[in-house]
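K.L.:
Okay, here's the prediction I keep looking at, along with the sequence it came from:
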Amino acid sequence: MDMTYSQRLSLSYALCLNEARDAAGETPSTNLEDYDALEAATYLACYITFRAIKEAGRSPADERVENFDMLAVYQAFAMLVYTYLTLPLGDEA
């Protein structure tokens, strides 16, 4: 089965939503057409940035007080990830 880039992006989004849901929550849709590719890219950019910060052992809550400049670094990283995820969508149009 051949999948387009937007479908793979939506699949990654659905998998992350499934991982993040609580036990009482509703199961995410299995229909990839239910997910917007840009919404998926936005969520995934935030998810990847959060995981990178967590894996680095850093805490944005602490740095808000102690090292405020790091918040701009996190924001720049998230924007780069978003750009990286959305650039291939232009080739599908």
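P.N.:
Sure, I can see it. Residues are numbered from 1 along each chain as shown.
K.L.:
Let me see the ranges of the helices in this protein.
P.N.:
Per DSSP state H, the chain carries helices over the ranges 5-20, 37-55, 60-66, 69-86, 89-92.
K.L.:
Worst mean pLDDT among those?
P.N.:
Ranked by mean pLDDT, the helices of the chain bottom out at helix 60-66, which scores a mean of 84.
K.L.:
Mind listing what's buried along that helix?
P.N.:
residue 63 (16 or more other Cβ atoms under 10 Å). Yep, even glycine has a C-beta here, placed from its N, CA and C like the rest.
K.L.:
just to revisit the earlier point, quick one: the helices of the chain as a markdown table, columns for distance to residue 30 too.
P.N.:
Putting the helices of the chain into a markdown table (distance: least, Cβ to Cβ, whole Å) gives the following:
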| stretch | distance to residue 30 |
| --- | --- |
| helix 5-20 | 7 |
| helix 37-55 | 15 |
| helix 60-66 | 33 |
| helix 69-86 | 21 |
| helix 89-92 | 21 |
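K.L.:
Please identify which of those is closest to residue 27.
P.N.:
Among these, the nearest to residue 27 by Cβ to Cβ is helix 5-20 (7.0 Å).
K.L.:
Could you tell me the angle between the closest one and helix 37-55?
P.N.:
50 degrees (axes from the mean of the first three to the mean of the last three Cα atoms, to 10 degrees).
K.L.:
for helix 5-20, packing partners?
P.N.:
Packing contacts for helix 5-20, counted by 3 or more Cβ pairs under 8 Å, 6 or more residues apart in numbering; DSSP states H and E, involve helix 37-55, helix 89-92.
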